[in-house]
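Enquirer: Only the shape, not the letters, is given here:
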């Protein structure tokens, strides 16, 4: 199969690309390198430097045949990983998230319609759920996002539902919980640029890039007062993309599933475990809460297992920390 991976030079995108290449797919990466890195590209995958807001460039990329092994073929599917993703920033810059996430996705969908690409795997988010009414959260949980980032993701899911009905585009919406870790085989070395997530911030602090890190609130209704999140190893996320792609192309049916570990760790737990594994203290200070941060998010992934046969294999806390530290200390 021929797959266009939009955002394939980024942190998650590079791991997804590696997984698909390992599974025998022909891959082309489309990325504007605003946050992705050339060192995250693989020689087995062709690369197009382009932007999702440049509609002619998108259409041209989707029509591309000469970069594929069969010059008469077209793309069988695309993976959409191009979005702004910092929940806190989204509350300050909603215009940026409207433009990049919603308008950018509409461009992708319209280009897919124009060029005949009929299968899309979309990186959604657990941020669509908002404050949990119960945990673990399954796909039937109400979607009431508490930050604008989550709002953009659920709006895109709804738009995909209409394109399914009206344009016969099949999709897999993968509601990620918190992506963390690095390739367990050490094949991906490009580090996240200006990260806003816990694990890379801990690693930057451990490396001395930051003098200290902030813990946003310690008065939540959790055992130690800090937020609890479900951290999913990026290799597990990547395998979920491959399985979801296989499902929608074989069954001609759209799906929406959670991808998480099913376990929850607090910020303080991750900090303490990281200090022990790295063998140095992680300087941290308590600051005020961030707007839009729920106290606890953990996933039920029973549907992903039922439909795809998927489950997390690398998402224990030790593997998450060790693979992250291996990537950072080697830099």
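Expert: Nice, I can see it. Quantities reported herein were computed from a predicted structural model and do not represent experimental measurements.
Enquirer: so where do the helices sit in this protein?
Expert: 11-22, 55-63, 87-92, 94-97, 104-115, 148-167, 198-207, 234-251, 267-278, 302-308, 317-329 (DSSP state H).
Enquirer: Tell me the predicted confidence for the closest residue to residue 23 other than its chain neighbours.
Expert: Distances taken as C-beta to C-beta, 6 or more residues apart in numbering put residue 242 closest to residue 23, at 5.4 Å, once the chain neighbours are dropped. Bear in mind the C-beta positions are built from the backbone N, C-alpha and C, glycine included. Per-residue pLDDT puts residue 242 at 98.
Enquirer: got a list of what residue 242 touches?
Expert: Residue 242 makes contact with 16, 19-20, 23, 25, according to C-beta atoms under 8 Å, 6 or more residues apart in numbering.
Enquirer: Which one of these is nearest to residue 313?
Expert: Nearest to residue 313 among the contacts of residue 242 is residue 19, at 12.5 Å by C-beta to C-beta.
Enquirer: Go ahead and confirm that closest one touches residue 238.
Expert: Yes - with contact defined as C-beta atoms under 8 Å, residue 19 reaches residue 238; the gap is 3.7 Å.
Enquirer: just to revisit the earlier point, go through the helices of the chain and pick out the most buried.
Expert: helix 11-22 (a mean of 24; mean count of other C-beta atoms under 10 Å).
Enquirer: show me the contacts for residue 11.
Expert: If a contact means C-beta under 8 Å, 6+ apart, then residue 11 has 40, 179, 190, 192, 234 as its contacts.
Enquirer: let's see it at 7 Å
Expert: residue 192 (C-beta atoms under 7 Å, 6 or more residues apart in numbering).
Enquirer: that older thread, wait, which of the helices of the chain is closest to residue 261?
Expert: Nearest of the helices of the chain (C-beta to C-beta): helix 234-251, 7.5 Å.
Enquirer: what's the burial count for the nearest residue to residue 295 once chain neighbours are set aside?
Expert: Nearest residue to residue 295, sequence neighbours excluded (C-beta to C-beta, 6+ apart): residue 220, at 4.1 Å. Neighbour count of residue 220, defined by other C-beta atoms under 10 Å: 19.
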